[in-house]
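S.K.: Mind looking at a prediction? Sequence and model below.
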Amino acid sequence: MAATVAVDNLNPKVLKCEYAVRGEIVIHAQRLQQQLLTQPGSLPFDEILYCNIGNPQSLGQQPVTFFREVLALCDHPYLLQREEIKSLFSADSISRAKQILASIPGKATGAYSHSQGIKGLRDAIAAGITSRDGFPANADDIFLTDGASPGVHLMMQLLIRNENDGILVPIPQYPLYSASIALHGGTLVPYYLNESTGWGLEISDVKKQLEDARSKGIDVRALVVINPGNPTGQVLAEENQYDIAKFCKNEGLVLLADEVYQENIYVDNKKFHSFKKIVRSLGYSEEDLPLVSYQSVSKGYYGECGKRGGYMEITGFSAPVREQIYKLASVNLCSNITGQILASLIMNPPKAGDESYASYKAEKDGIIASLTRRAKALEDAFNKLEGITCNEAEGAMYLFPQIGLPKKAIEAANAANKAPDAFYALRLLESTGIVVVPGSGFGQVPGTWHFRCTILPQEEKIPAIISRFKVFHEAFMAEYRD
Ligand SMILES: Cc1ncc(COP(=O)(O)O)c(CN[C@@H]2CONC2=O)c1O
C-alpha cells in the first residue's frame, strides 16, 4: 500500500512553523530567475538582485585569505610536506594549520570530534573570548555548532516542555526564533522594540509583556536578545544591556544572547559589548544568571555562511543541566570540522607582527568600510522616498524601513489576500527584480508595514538598485495615491 503522507497528517508544529527569509517572495524570485534563463528579455529587468538574505559571498564578497589558507592546509595535510608550499602560503597560515592539526585526534579533519567540538579549538575560542571581554572563558562552556542556528534549536528543545512554556522574543525578530519556538511547541512572548528610539528596548515594556504572559499561566523561561539586531540593525546601548541582564536575573530568566553580528558595527558612537562581559561586569557569577551566547562564522567580515560554523557559550547552568545539554549535542555526534576550525580562526585572527596581519587587516577593514558605505547609501536613499522612514543601520547587515502605504494599496493587498508589505514586495520584485523580505515576516507593531533589505549587493550595484527602487516606488505610490 502506498504511504499515506499528506500535509494533513504531518506534524502540526511543522505546519505552524514559518521562515520568511526564504519564503514566498524568494520562491517567486527563483521562478522569475528561471524565466530569465529560458525566456531572456521577457521581464522588465535582466537579473534578480537578492537583497533578502545575509549571504555576503553569494553576492561577490571574497573570503578572508588567511582563513582559507589555513582551511586548505588542514584539509589536505600532504601539502604541508611539500617545500613549494612556502611560496604559496604565508608562514603563519602554515604554522596555524600545523597547530590545529596537532590538536585534532588522528590529525584528521575527516573524523568525528568530541560532541562539543575539538578541545584545542575550544581552547582557542575561549582565549579569544577572554581577550575580547577581559573576563575568563572556559573551553568546557563552549559547544561548537553548524552555524548558530542549531544552537538556538538546542536551547529551545531543552527549555520548552509544552505550550505553557514561553520565550520572550524581540519584535521585529529574526524568524529563526519564532520558527524554533513553534517547532518545539512553545509560546512566543513578544516584546516590541521601539522604532522611534532607534529600535531600543524599554525594560518596562518587557516587564509588562512578561507579567501579562504569566497572568495567562505562561511559564516564561528565557529572554532572547539579538545584538546587533536583525532585521532592525541597532546596536544596544551599554546601559540598556545592563538593564536587560539585571531584569533577567531578577525575573529568573535564561538570557539567550544572539551576537552573530558582533563584528558588524558601522557607527562610531556604538561599540559591541558581549553580554558575557556585561554580566561579569555586574559582578554576576555563574550562580546568578544562566547565559547562552551565540556566535557564527556566517556574518562579520568573514561571511562564511556555507561553511556552517559557530558556537554557543553556556554559563550559569548546573552540572546536571549541562549534562542534558551535552547529551543533546551528542545525539548529532559533532558539528562539521571545517566550521569548527573557522570558528576558532575568527576568534583568533592574525595579530600584529604575524606575516598575514597586514593583508588580513586590509581585507577586514576594506569589507567593513564598504558595508558601512552601502548601509549609508541605502538608508539615505530610502529616506528620500515618499512615505518611507528608515532608521540608521548601526550594525548587522540590514535596513528595515517603514513604508506608509496609501489606503488604496492596502485595499488592493487585502483583495489579493496578501499582507500589504508582502503585496508591495511582490510588486517590487515583478517590476525591478529586487528581492526584499516583507516586515510581516519579522513581526512589527500592528498597522505598521516594513520591508527588510540587505546592504550586501556589491557596491557598484548599489546605485542601480537605488534608481530602480526609486522608479518603482514613485510609480507604485502614484498608482495607489488616495
Ligand atoms: C540574528 C541571527 N542569528 C542566527 C542566524 C543563523 O546563522 P547561522 O546558522 O548561519 O550561524 C542568523 C542568520 N541570518 C539570516 C540568514 O541570512 N539572513 C538572515 O536573516 C541571524 O541573522
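M.R.: Received it, and whenever you're ready, just let me know what you need.
S.K.: How is residue 451 assigned, secondary-structure-wise?
M.R.: Here residue 451 is strand, with the state taken from DSSP: H, G, I helix; E, B strand; the rest coil.
S.K.: quick one: contacts for it?
M.R.: By Cβ atoms under 8 Å, 6 or more residues apart in numbering, the residues touching residue 451 are 400-401, 403, 421, 424-425, 428, 436-439. All C-beta atoms are positioned from the backbone trio N, CA, C, and that covers glycine.
S.K.: And for residue 156?
M.R.: 167, 180-181, 183-184, 186.
S.K.: does it sit in a helix or strand, and which one?
M.R.: Following DSSP states H and E, one finds residue 156 within helix 149-159.
S.K.: which regions of this protein sit below the pLDDT cut-off?
M.R.: Of all residues in the chain, none has pLDDT under 70.
S.K.: and the residue in the stretch 51-200 of the chain that the ligand sits nearest to, how many residues sit next to it?
M.R.: For the stretch 51-200 of the chain and the ligand, the shortest gap (Cβ to the nearest ligand atom) falls at residue 147, measuring 2.7 Å. Residue 147 sits with 25 neighbouring residues when counted by other Cβ atoms under 10 Å.
S.K.: Around the ligand, pick out the residues from the stretch 151-300 of the chain.
M.R.: When proximity is defined by Cβ under 6 Å from any ligand atom, the stretch 151-300 of the chain lies next to the ligand at 174, 176, 226, 230, 258, 260, 296, 298.
S.K.: State the pair within the residues you listed that is farthest apart.
M.R.: 226 and 298 (13.8 Å; Cβ to Cβ).
S.K.: Just say helix, strand or coil for the residue nearest the centre of the chain.
M.R.: For the chain, the residue nearest the mean C-alpha position is residue 260 (5.6 Å; Cα atoms, centre = their mean). Using three-state DSSP, the secondary structure recorded for residue 260 is coil.
S.K.: buried sites along the lengthiest helix in the chain?
M.R.: When the chain is parsed with DSSP state H, its longest helix is helix 357-383. Burial within helix 357-383, assessed by neighbour count using 16 or more other Cβ atoms under 10 Å, is assigned to 357, 360, 363-364, 367-368, 370-372, 374-375, 377-379, 381-382.
S.K.: how distant is it from the center of its chain?
M.R.: Chain-centre distance of helix 357-383: 18 Å, with Cα atoms, centre = their mean, to the nearest Å.
S.K.: Skip ahead from it and say which helix or strand is next.
M.R.: According to DSSP H and E, the helix or strand after helix 357-383 is strand 388-389.
S.K.: could you say what helices and strands that next one packs with?
M.R.: strand 402-403 (3 or more Cβ pairs under 8 Å, 6 or more residues apart in numbering; DSSP states H and E).
S.K.: mind running it again at 10 Å?
M.R.: In this structure, strand 388-389 packs against helix 357-383, strand 402-403, helix 462-480, with contacts taken as 3 or more Cβ pairs under 10 Å, 6 or more residues apart in numbering; DSSP states H and E.
S.K.: Excluding chain neighbours, what is closest to residue 349?
M.R.: Among residues not flanking residue 349 along the chain, residue 360 sits closest, at 6.1 Å (Cβ to Cβ, 6 or more residues apart in numbering).
S.K.: and that neighbour, what does it touch?
M.R.: Going by Cβ atoms under 10 Å, 6 or more residues apart in numbering, residue 360 touches 64-67, 90, 92, 301, 349-351, 354.
S.K.: do that again at 8 Å, thanks
M.R.: Contacts of residue 360 by Cβ under 8 Å, 6+ apart are 64-66, 349-350, 354.
S.K.: now stretch 384-402, how far from the centre of its chain.
M.R.: 18 Å.
S.K.: Any buried residues in that stretch, and which?
M.R.: Applying 16+ other Cβ under 10 Å to stretch 384-402 flags 385, 388, 390-402 as buried.
S.K.: First-to-last residue distance for that stretch?
M.R.: By Cα to Cα, to the nearest Å, the extent of stretch 384-402 from end to end equals 12 Å.
S.K.: That stretch near the ligand anywhere?
M.R.: No - judged by Cβ under 6 Å from any ligand atom, stretch 384-402 makes no contact with the ligand; its nearest approach is 7.2 Å.
S.K.: So what's the gap between stretch 346-366 and the chain middle?
M.R.: From the chain centre to the centre of stretch 346-366 is a distance of 23 Å (Cα atoms, centre = their mean).
S.K.: Equivalent analysis for stretch 29-49, please.
M.R.: That offset, for stretch 29-49, works out to 29 Å (Cα atoms, centre = their mean).
S.K.: So what touches it?
M.R.: With Cβ under 8 Å, 6+ apart as the contact definition, stretch 29-49 has outside contacts at 50, 52, 429-435, 457, 461, 465, 468.
S.K.: Let's see which of those residues end up in strands.
M.R.: 50, 434-435 (DSSP state E).
S.K.: what's the closest of the residues you listed to the ligand?
M.R.: For these, the nearest to the ligand is residue 50 (10.4 Å; Cβ to the nearest ligand atom).
S.K.: which parts of the stretch 1-150 of the chain sit against the ligand?
M.R.: By Cβ under 6 Å from any ligand atom, the part of the stretch 1-150 of the chain that sits against the ligand consists of 21, 53-55, 147-149.
S.K.: Dump those residues into TSV; add distance to residue 215 as well.
M.R.: Shown next, in TSV, are those (distance: Cβ to Cβ, whole Å):
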residue	distance to residue 215
21	33
53	38
54	37
55	41
147	37
148	33
149	32
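S.K.: what about stretch 46-63, how long is it end to end?
M.R.: By Cα to Cα, one end of stretch 46-63 lies 27 Å from the other end.
S.K.: go on, stretch 2-22?
M.R.: This stretch, stretch 2-22, spans 31 Å end to end (Cα to Cα).
S.K.: Drop the exposed ones from the contacts of stretch 29-49 and show what's left.
M.R.: Of the contacts of stretch 29-49, these count as buried by 16+ other Cβ under 10 Å: 50, 52, 429, 431-435, 457, 461, 465, 468.
S.K.: circling back to that earlier point, what is the most widely separated pair among the contacts of residue 156?
M.R.: Greatest spatial distance among the contacts of residue 156 (Cβ to Cβ): 167 and 183, at 12.2 Å.
S.K.: When those two are compared, which one has more neighbours?
M.R.: Set residue 167 next to residue 183 and count neighbours by other Cβ under 10 Å: residue 167 wins out with 27 against 17.
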